[in-house]
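Colleague: After the sequence you'll find the predicted model.
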Amino acid sequence: MAAADPKVTSGEDVEYDRPPMWLKVLVIVLGIAIVGMLVAIVTKIMTGLGDEPLPPETAGPTVSTPVVPLATGEISVRRPAGTMLVSTALSGDRLVLTFRGEDGDHILVLDQATGAERWVHIPK
């Protein structure tokens, strides 16, 4: 087939649909925005801005637990025979100790303000 054949076209007489101008502008603007954001991220990483803690007035609400002096200077806890301590938890002025043994769990709730003990036994 030769270029003179009516069924064969050369590249000169073919018309292409051109994208609308607004689409070109949109692609260029979004490309610039992406490059700008990448520059901002790299600058932030390089300078380390934002590593300082917030001032107290903007840090948000803080929860403070009052320091409660113990009723006695030292509290001694009796561990049930055949058990071992598996967990501890502190909530306000209450200390919770959980002991696990062959007969089940023994939980001690200790009031640090008064030194009062309350035992709970949970059998297996």
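Modeller: That came in fine, so what should we check first?
Colleague: Can you name the residues in contact with the helix or strand containing residue 96?
Modeller: For residue 96, the host element (DSSP states H and E) is strand 94-101. Strand 94-101 is contacted from outside by 77, 79-90, 105-112, using Cβ atoms under 8 Å, 6 or more residues apart in numbering. The C-beta positions use only the backbone N, C-alpha and C, and glycine is treated the same way.
Colleague: Any buried residues in that strand, and which?
Modeller: 95, 97-101 (16 or more other Cβ atoms under 10 Å).
Colleague: Out of those residues, the closest to residue 21 would be?
Modeller: Distance to residue 21 across the buried residues of strand 94-101 (Cβ to Cβ) is lowest for residue 98, with 72.5 Å.
Colleague: if I pick the closest residue to the closest one other than its chain neighbours, what's in contact with it?
Modeller: Closest residue to residue 98 apart from its sequence neighbours, by Cβ to Cβ, 6 or more residues apart in numbering: residue 87 at 4.4 Å. Neighbour list for residue 87: 96-98 [criterion: Cβ under 8 Å, 6+ apart].
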